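A.B. asks: okay, here's the prediction I keep looking at, along with the sequence it came from:
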Amino acid sequence: MKMNKGMLVVVGLAALAGCAGKQAVKPSGSSATASRSGTQASGAGQSSSAQGSSMASTSSPTLSSFSHMVHFRTNSSAIIGVNRQIVKENASYLEAHPSVRVRLEGNTDERGTAQYNMALGWRRADAVKHMLEVLGVSGSQLATISFGKSRPLALGHNPKAWAVNRRVYFNYKYFASK
Amino acid sequence: MNRIGLGFVPLLVMLVVMPLVARAVTIHINHGYGQRFPIAIVPFKGEKAWPQDLRPSAVIIKDLDGSGWFNVLPSADYLTQPHHDRQVEGHFNDWRLLKASGLLIGRIERQPGGRVKVAFRLYDVNLGTQLKALQYVVPAGQLRTVDNAIANIVYKHWTGVRGVFNTRIAFVTMYPDGAPGHFLYELKVADAEGHGVHVILRSHEPIMSPRWSPHGRRLTYVSFATGWPAVYIQDVATGDIRRVAAFHGLNGAPSFAPDGTHIALSLSKTGYPEIYVMNLMTGRLRQLTFGPNINTEPSWSPHGGHIVFTSDRSGGPQIYEMTAYGNHKHRLTFRGRYNAGASFSPNGKWLTLVSRRAGQYHAAVFELADSTLEILTATSLDESPTFAPNGQEILYSTVVGGHRVLATVSLNGRGRRILGLTGGDVSDPAWSPFRHP
C-alpha cells in the first residue's frame, strides 16, 4: 500500500523533471523508504551519472543507495523531515570516504529576483554544509555554490515545479571529474 | 484589472504631469487618459526598395504606436500621399478633415558608396506650419537608427519628453539543453523595441543580471563560465571581457556607479553576502554592510550619493538605503513581506522593484518622497523591473502563456506591451541609459 503510493510519487516527479525512463534510479538497499525513493528520482535528473561513478566503493553504503537531493519550503533554508535523514546518509558516506569531495549546489524556485534567489540558494547550501559539519564531516570535503533560480529541474510555473526546484543537490561528480 | 487601474491613477498623474507641465500638451492631459495624438505618417518615397523592418514609415509607426501616446491614422484614409513640401503647403485642410494634428512626410534614396539619404518634414496641421525638416546621409547599416531618430523627434515634440527609440536593452535567454537542469544561456542586446537582437555571450553555465555602464558601452554581469560565479565587464561593441570579481563564495549583483569608475556588488567571502564597492582602476574593495544576513542587489542613485539594496535583516527581504560610503542605513519599504531588486528612476524620485502581494510577485514603483508603493502589473511572476532612460516606462520579465517574456508597462497608464522575442525563456532585462548626454 505504502510502496504503491511511493511509486506514484516517483513517476510523478520523474515526469515533472522530464527525466522519465533515463533516470529511474533504484535504491540498491531494500530498506529505502517510499518517500526517499521519491526524492531520489527528482534528484537523479541532475546526477546523470551519480550511480556507477568511479568513486562507488565496495563497502556499503554506495553512492547510489541514498538520495543526493534535499528540498526546502518557500523562502526557507531549514532542513526538515525526511531531508534530515538524507543529509545524515550523505554524512555517513562522506565520513566513510574522507577523500571524496562534494559540491553542495543550492537552488531556488523562479519566484522573486535573480540575485536575492542567488543569496537564498547560497543560504540553503550553507545550511546543508553546516549540518554535515555538525555530523562530523570535514569541511575540506565540502564546497558550496548557489545557482539561484537559473537551473530549474522542473520547467513548469506552478507550485509542484517550484517544490522540485527548491533544492540542494549533492554533486559528487563535480570534483570526481576534475 | 479595474482595481489595478484605479490604484494607478494618483501615481500616473504625478509621473505624467511633471515633465509636461510647461508644455502645450498639458491641454491634452486635461482631456483625460486614453486620448492619443492623432498623426498622419505618409509612406516615404522610395522606401518600398527596403525590407519592411527598415522602412522609415513602418519603423516610426511601430515606435509611436507602441509608446501609447500616438494614434497613427491609417494611410489608406489619406486623400493624398505627399512627398514634397509643395504638396503639403496650402493643403492642410485635407489633413484637418482626418483630424490629424501632425503630419510626417519623407523620402529615402540610395547614395554612392553604400550610403542612404533620408529626408523628412514634420508639420503641425492645426497651425498649418512646418515644425522640422532634416536630412540624414548615413551608411545603409544605420538606417534603422535614422528611423528611430525621426520617431524620437516626433515623440519629443508632442510629449515634451525625450524618446527612447534609439536606446538598447540587454537580457538573458535560456533554452533547455539536454538533461533537466541544463540549459544554454545567451546574453543578448537589442534595440528598445526588441529588434536587432544580437548575442554577445553564449554559455552552458548560467549568465545573469546584466547592468549597463553609464554611457551604454559596457555591461557588467554574473557568469558561471568557469563553473563558479564571477563578475565580468564586457565592452558591447568590441566584445572585450574583463573578469573583475571571482572571490570565494557568491560574486553577484554588480551595478555601475553613475560615473563608471566603480561598481557595487555582493560578495560572501567573509561568510555572508555583503555589499562592497570596487574601484575599477585599482580593484580595491570597500565593504559597506556588516552583518549575519543577506545583503545584495545594490543600485546607485542617479547622482551616485546613495545606494539602495535588498536585505533580510528584518526577517524577509526589504529595501534599504545608505550613502555610497555605507553610512545612514535605513529601511525604505514596510508594506508587504517581500520587496527586492530595487533600482532608481532616472530622476531619482522613484524606485522600481519586485513586491509580493497575496503570494503574487509584481513589478512595483516606490515613491521616495512619501514612501508609497504602487503595484504596476496584474501578472504574478514578475522580475527584474528596469526604468526606461526617460522614466516613462518600466521593462520587466514575466510569465505569459507558460513562457518567460519581456514586457513593458508605461507609467502614463497608456500601454502594456510584450516584446516579440521568440524562442527560449527571456529574463533579467536591463534598459540602457541614453547613449549621448
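C.D. replies: Looks like it arrived, so ask away. Numbers count the residues shown, from 1 in each chain, chains lettered A, B, ... in the order given.
A.B. asks: for chain A, what's its nearest residue on the stretch 51-200 of chain B.
C.D. replies: At 3.8 Å from chain A, residue B:180 is the closest residue in the stretch 51-200 of chain B, using CB to the nearest CB. C-beta coordinates here come from the backbone N, C-alpha and C atoms, glycine included.
A.B. asks: any idea how many residues pack against residue 158?
C.D. replies: No chain was given, so I picked chain A. By the measure other CB atoms under 10 Å in any protein chain shown, the count of residues near residue A:158 is 10.
A.B. asks: sorry, I should have been clearer: chain B.
C.D. replies: Count around residue B:158 with other CB under 10 Å applied: 23.
A.B. asks: please name the residues that touch it.
C.D. replies: B:25, B:37, B:39, B:69, B:70, B:101, B:102 (CB atoms under 8 Å, 6 or more residues apart in numbering or on different chains).
A.B. asks: wait, doesn't the last one sit right on residue B:153?
C.D. replies: Put plainly, it is residue B:102. No: contact status for residue B:102 versus residue B:153: not in contact, 10.9 Å apart, counting by CB atoms under 8 Å.
A.B. asks: show me what from the stretch 251-400 of chain B comes close to chain A.
C.D. replies: Residues of the stretch 251-400 of chain B found near chain A (CB under 8 Å from any CB of the partner chain) are B:252-253, B:266, B:268, B:273, B:294, B:296-297, B:310, B:316-317, B:338, B:340-341, B:354, B:356, B:361, B:381, B:383-384, B:399.
A.B. asks: can you flag the buried ones in those residues?
C.D. replies: B:252-253, B:266, B:268, B:273, B:294, B:296-297, B:310, B:317, B:338, B:340-341, B:354, B:356, B:361, B:381, B:383-384, B:399 (16 or more other CB atoms under 10 Å in any protein chain shown).
A.B. asks: where does chain B have its least confident helix or strand?
C.D. replies: Least confident helix or strand, chain B: helix B:25-30 with a mean of 25, by mean pLDDT, DSSP states H and E.
A.B. asks: neighbour count winner among residue B:102 and residue B:153?
C.D. replies: residue B:102 (23 against 18).
A.B. asks: just the pLDDT for the closest residue to residue B:126 other than its chain neighbours.
C.D. replies: Once flanking residues are discounted, residue B:126 sits nearest to residue B:101: 5.8 Å by CB to CB, 6 or more residues apart in numbering or on different chains. Here, the pLDDT recorded for residue B:101 equals 94.
A.B. asks: residue B:101 contacts residue B:40, correct?
C.D. replies: No: with contacts counted by CB under 8 Å, residue B:101 stays clear of residue B:40, the gap being 9.0 Å.
A.B. asks: between the two, which contacts overlap?
C.D. replies: residue B:125.
A.B. asks: would you mind listing what in the stretch 101-250 of chain B touches chain A?
C.D. replies: So far as CB under 8 Å from any CB goes, the stretch 101-250 of chain B lies against chain A at B:174, B:176, B:179-183, B:185, B:206, B:208-209, B:222, B:224, B:227-229, B:249-250.
A.B. asks: and residue B:325, what does it touch?
C.D. replies: With CB under 8 Å, 6+ apart, residue B:325 has these contacts: B:286, B:288.
A.B. asks: let's verify it: helix, strand, or coil?
C.D. replies: What DSSP: H, G, I helix; E, B strand; the rest coil gives for residue B:325 is coil.
A.B. asks: that one and chain A, how far apart?
C.D. replies: 22 Å (CB to the nearest CB, to the nearest Å).
A.B. asks: give me the below-cutoff pLDDT ranges for chain A.
C.D. replies: Residue ranges of chain A with pLDDT under 70: A:1-60.
A.B. asks: strands of that one, start to end?
C.D. replies: A:69-71, A:102-107, A:142-148, A:167-171 (DSSP state E).
A.B. asks: who does the third one pair up with?
C.D. replies: Strand A:142-148 has the following sheet partners, assigned by DSSP bridges: strand A:102-107 (parallel).
A.B. asks: the buried ones among the residues of the stretch 251-400 of chain B next to chain A in strands, which ones?
C.D. replies: B:252-253, B:266, B:296-297, B:310, B:340-341, B:354, B:356, B:361, B:383-384, B:399.
A.B. asks: tell me which two in those residues are the farthest apart.
C.D. replies: B:266 and B:399 (25.7 Å; CB to CB).
A.B. asks: identify the bridge partners of the nearest residue in space to residue B:183 that is not next to it in sequence.
C.D. replies: Excluding the flanking residues, the one nearest residue B:183 by CB to CB, 6+ apart is residue B:174, at 4.4 Å. Beta-bridge pairing for residue B:174 (DSSP bridges): residue B:185, residue B:425.
A.B. asks: for ChimeraX, write the select line for the buried members of the residues of the stretch 101-250 of chain B next to chain A.
C.D. replies: To isolate the buried members of these in ChimeraX, using 16+ other CB under 10 Å:
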select /B:174,179,180,181,183,185,206,208,209,222,224,228,229,249,250
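A.B. asks: in helices only, show me the residues of the stretch 101-250 of chain B next to chain A.
C.D. replies: Using DSSP state H, no member of these falls in helices.
A.B. asks: I'd guessed residue B:59 sits against residue B:53; true?
C.D. replies: Yes: between residue B:59 and residue B:53 a contact is recorded at 7.3 Å, counting by CB under 8 Å.
A.B. asks: what do the two both touch?
C.D. replies: residue B:144.
A.B. asks: so these two - more neighbours on which side?
C.D. replies: residue B:59 (25 against 12).
A.B. asks: what's the burial count for the closest residue to the more buried one other than its chain neighbours?
C.D. replies: Nearest residue to residue B:59 in three dimensions, chain neighbours excluded: residue B:147, at 3.7 Å (CB to CB, 6+ apart). By the criterion of other CB under 10 Å, residue B:147 has 31 neighbours.
A.B. asks: run the chain-centre distance for the host helix or strand of residue B:147.
C.D. replies: Using DSSP states H and E, residue B:147 falls within helix B:143-159. Distance, stretch centre to chain centre, for helix B:143-159: 16 Å (CA atoms, centre = their mean, to the nearest Å).
A.B. asks: A strand includes residue B:60, no?
C.D. replies: No: checked against three-state DSSP, residue B:60 lies outside a strand; its state is helix.
A.B. asks: most distant residue from the middle of chain B?
C.D. replies: What lies farthest from the middle of chain B is residue B:90; by CA atoms, centre = their mean that is 40.5 Å.
A.B. asks: if we can go back for a sec, between residue B:102 and residue B:153, which contacts overlap?
C.D. replies: residue B:122.
A.B. asks: quick check: can you list the domain ranges of chain B?
C.D. replies: B:24-159, B:168-431 (automatic domain parsing).
A.B. asks: could you identify which of the ones you listed is most buried?
C.D. replies: domain B:168-431 (a mean of 20; mean count of other CB atoms under 10 Å in any protein chain shown).
A.B. asks: now the end-to-end length of that one.
C.D. replies: Distance between the two ends of domain B:168-431: 6 Å, counting by CA to CA, to the nearest Å.
A.B. asks: biggest helix in chain A by residues?
C.D. replies: helix A:114-134.
A.B. asks: would you map the strands across the stretch 1-150 of chain B?
C.D. replies: Residue ranges of the strands in the stretch 1-150 of chain B, as given by DSSP state E, counting those that start in this stretch, are B:37-41, B:70-73, B:102-111, B:115-124, B:129-139.
A.B. asks: between these, which one is closest to residue A:165.
C.D. replies: Nearest to residue A:165, of all these, is strand B:70-73, at 42.7 Å by CB to CB.
A.B. asks: got the CA positions of that closest one in PDB?
C.D. replies: Output in PDB follows, covering the C-alpha atoms of strand B:70-73 (Å, rounded to 0.1, in the frame of the first residue of the first chain):
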ATOM      1  CA  PHE B  70       0.000  58.400 -30.600                       C
ATOM      2  CA  ASN B  71      -2.800  57.300 -32.800                       C
ATOM      3  CA  VAL B  72      -1.200  56.800 -36.200                       C
ATOM      4  CA  LEU B  73      -4.000  57.300 -38.800                       C
END
